[in-house]
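1. Let me see the structure of the following:
(one chain, ligands or ions: 1)
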Amino acid sequence: MDTDSVIGVVGAGTMGTGIAQVAAACGHEVYLYDSFGEQLEKSEEGLRSILQRQIKKERMTQDEVDSILNRIHFVEDLTGYGACDFAIEAVIEDLEVKKDVFRRLEGIVSRKCILATNTSSLSIASISSALKKPERFLGIHFFNPAPLMPLVEIIPGISTANGTAGTTRTLINNWGKTTVLAKDTPGFIVNRVARPFYGEALRMLEEGMADAATIDWAMKEIGGFRMGPFELMDFIGNDINYKVTETVFKEFFYDPRFKPSFTQKRMVEAGYLGRKSGKGFYDYGEHAENPEPVQDREAGEKIVNRIVSMLINEAADVLFMNIATAEDIDLAMTKGVNYPKGLLKWADEIGLPAVLENISTLYEEYNEDRYRPNPLLKRKVRNSETFY
Ligand SMILES: NC(=O)c1ccc[n+]([C@@H]2O[C@H](COP(=O)([O-])OP(=O)(O)OC[C@H]3O[C@@H](n4cnc5c(N)ncnc54)[C@H](O)[C@@H]3O)[C@@H](O)[C@H]2O)c1
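-> Numbering: from 1, shown residues only. I've put the predicted structure just below:
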């Protein structure tokens, strides 16, 4: 597929508008449809103002902005999608709504058009069941904001033909994105491997090991992460972050590794959603005073070791279950959520015996399945091997 290929995007919300911008900026004609007319206007206005800011910052010229906007056709029905070579669905996260969109699309697009969903939590298999020809269907998971975030997870489903994933990967790579391939499992790579970043931080807070400010300080100062877990939960929104954890937990048949936290649930129930509500783990009011971290390096290292070891254990499980390659797991976490290092590379640097020791100590202490060391990690330690 080249820049002559026509791209269709369904759903002109945050993600659909961002994806349309990416495709149009790469020279494609783009159709962008939303079932709510008002949303189309909002999308066009929003995009216009984002692009105007690019001109102010001297990152784009007026001509470039005009040509991007001219290439995007904001349409009120799907009839034009007959011309599309590649169609991406980015409507609300609702299985029945998505299935309905694909049933309608399949009746309009040509036989060779690839169909993709940007779902973050539904299975590709469940959406594919709506299609008569699911061989040309797969998941492509962009991150928000799509024009800025470099990662896209490519997720073939049980019925996806090999060629479909290959063609898609080439197309999205040509859009300047880093693509990783993942199997159709809950949370794909990023939203699954990242769970302990929040989960272990919440657990330590609940146990009274440290407060939010101290855990955030340790993860940034010692761990090298750009944001601490509590700052990040407040930024994402506790409602959204809790929902992702709950979905992954349920979808993994209630595996205790992903068990959500009561603390976070109560915060959501009370409306402490984070930045957007003015209060979360921190207070964002004008004169708010937030607690200072306790900057004890030794205690901080314990916090970082616990969270990073649990992240590595999860990354090891993704590799163990053949959901993605070691390279793609590391790329996903560095490009999708800006981790300072790929987790498996990091594990090799720390030394796998030390990582295993950290997790085994937790397992012995708690006797909870949540802390069971991954078999691949154990095997590698036994054979004195590394991930790379
Ligand atoms: N926001 C994120 O951070 C993020 C990241 C990755 C993936 N996703 C996924 O992308 C998808 C869209 O998310 P979003 O954040 O852009 O949501 P959003 O609410 O901003 O946009 C969804 C849009 O879909 C439209 N819509 C609803 N039903 C429709 C239909 N039948 N036909 C056409 N349009 C319809 C709505 O009017 C709305 O404009 C979801 O599946 C979500 O899980 C979101």
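2. wait, residue 182 sits on residue 152?
-> No: if you go by Cβ atoms under 8 Å, residue 182 and residue 152 don't touch, sitting 10.6 Å apart. Backbone N, C-alpha and C define where each C-beta goes, glycine included.
3. For the one residue in the stretch 201-350 of the chain that gets nearest to the ligand, the count of nearby residues, please.
-> Nearest residue of the stretch 201-350 of the chain to the ligand, counting by Cβ to the nearest ligand atom: residue 240, 7.6 Å away. When neighbours are defined as other Cβ atoms under 10 Å, residue 240 has 15 of them.
4. does it belong to a helix or a strand, and which?
-> If you go by DSSP states H and E, residue 240 is part of helix 238-251.
5. quick one: contacts for the residue in the chain that the ligand sits nearest to?
-> Going by Cβ to the nearest ligand atom, the ligand is nearest to residue 13 of the chain, at 1.8 Å. Residues in contact with residue 13 (Cβ atoms under 8 Å, 6 or more residues apart in numbering) are 34, 39, 43, 90-92.
6. now those as CSV including secondary structure and pLDDT?
-> Below are the contacts of residue 13 laid out as CSV (DSSP: H, G, I helix; E, B strand; the rest coil; pLDDT from 0 to 100):
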residue, secondary structure, pLDDT
34, coil, 97
39, helix, 96
43, helix, 97
90, coil, 97
91, coil, 97
92, coil, 95
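7. Reformat the residues you listed as a markdown table; add neighbour count.
-> Formatted as a markdown table, the contacts of residue 13 follow (neighbours: other Cβ atoms under 10 Å):
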| residue | neighbour count |
| --- | --- |
| 34 | 23 |
| 39 | 17 |
| 43 | 25 |
| 90 | 28 |
| 91 | 21 |
| 92 | 9 |
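8. which among those residues are in contact with the ligand?
-> Intersecting the contacts of residue 13 with the contacts of the ligand gives 34, 39, 90-92 (criterion: Cβ under 6 Å from any ligand atom).
9. Which one of those is nearest to residue 383?
-> residue 90 (44.4 Å; Cβ to Cβ).
10. Now do residue 308: how many residues are near it, please.
-> 27.
11. Reformat the contacts of residue 13 into CSV and put distance to residue 377 next to each item.
-> Shown next, in CSV, are the contacts of residue 13 (distance: Cβ to Cβ, whole Å):
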residue, distance to residue 377
34, 46
39, 46
43, 45
90, 36
91, 39
92, 38
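12. Pull the most distant pair out of these.
-> Spatial extent of these (Cβ to Cβ) is set by the pair 43 and 92 at 14.4 Å.
13. Can you add distance to residue 111 and give the ones next to the ligand among the contacts of residue 13 back as a markdown table?
-> Shown next, in a markdown table, are the ones next to the ligand among the contacts of residue 13 (distance: Cβ to Cβ, whole Å):
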| residue | distance to residue 111 |
| --- | --- |
| 34 | 26 |
| 39 | 30 |
| 90 | 23 |
| 91 | 23 |
| 92 | 28 |
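14. just checking, what packs against the helix holding residue 240?
-> helix 190-193, helix 195-207, helix 262-270 (3 or more Cβ pairs under 8 Å, 6 or more residues apart in numbering; DSSP states H and E).
15. most packed of the ones you listed?
-> helix 190-193 (a mean of 23; mean count of other Cβ atoms under 10 Å).
16. Is that helix positioned near the ligand?
-> No: Helix 190-193 lies apart from the ligand when judged by Cβ under 6 Å from any ligand atom; the minimum separation is 8.8 Å.
17. How far away from the center of its chain is that helix?
-> Between the centre of helix 190-193 and the centre of its chain there are 7 Å (Cα atoms, centre = their mean, to the nearest Å).
18. then it to CSV, C-alphas only?
-> Output in CSV follows, covering the C-alpha atoms of helix 190-193 (Å, rounded to 0.1, in the frame of the first residue of the first chain):
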residue,chain,number,x,y,z
VAL,A,190,1.4,-2.5,27.0
ASN,A,191,-1.8,-2.5,28.9
ARG,A,192,-1.0,-5.9,30.4
VAL,A,193,2.7,-5.6,31.2
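19. Show me what it is packed up against.
-> helix 238-251, helix 297-320, helix 326-336.
20. Now with 10 Å, please.
-> Judged by 3 or more Cβ pairs under 10 Å, 6 or more residues apart in numbering; DSSP states H and E, helix 190-193 is in contact with strand 151-156, helix 238-251, helix 297-320, helix 326-336.
21. per-residue confidence averaged over it?
-> Mean pLDDT, helix 190-193: 98.
22. repeat for stretch 229-246
-> 96.
23. Now the terminal residues of that stretch, how far apart.
-> End-to-end distance for stretch 229-246: 17 Å, by Cα to Cα, to the nearest Å.
24. Next, the contact list for the residue of the stretch 201-350 of the chain closest to the ligand, please.
-> If a contact means Cβ atoms under 10 Å, 6 or more residues apart in numbering, then residue 240 has 120, 233, 268, 273-274, 276 as its contacts.
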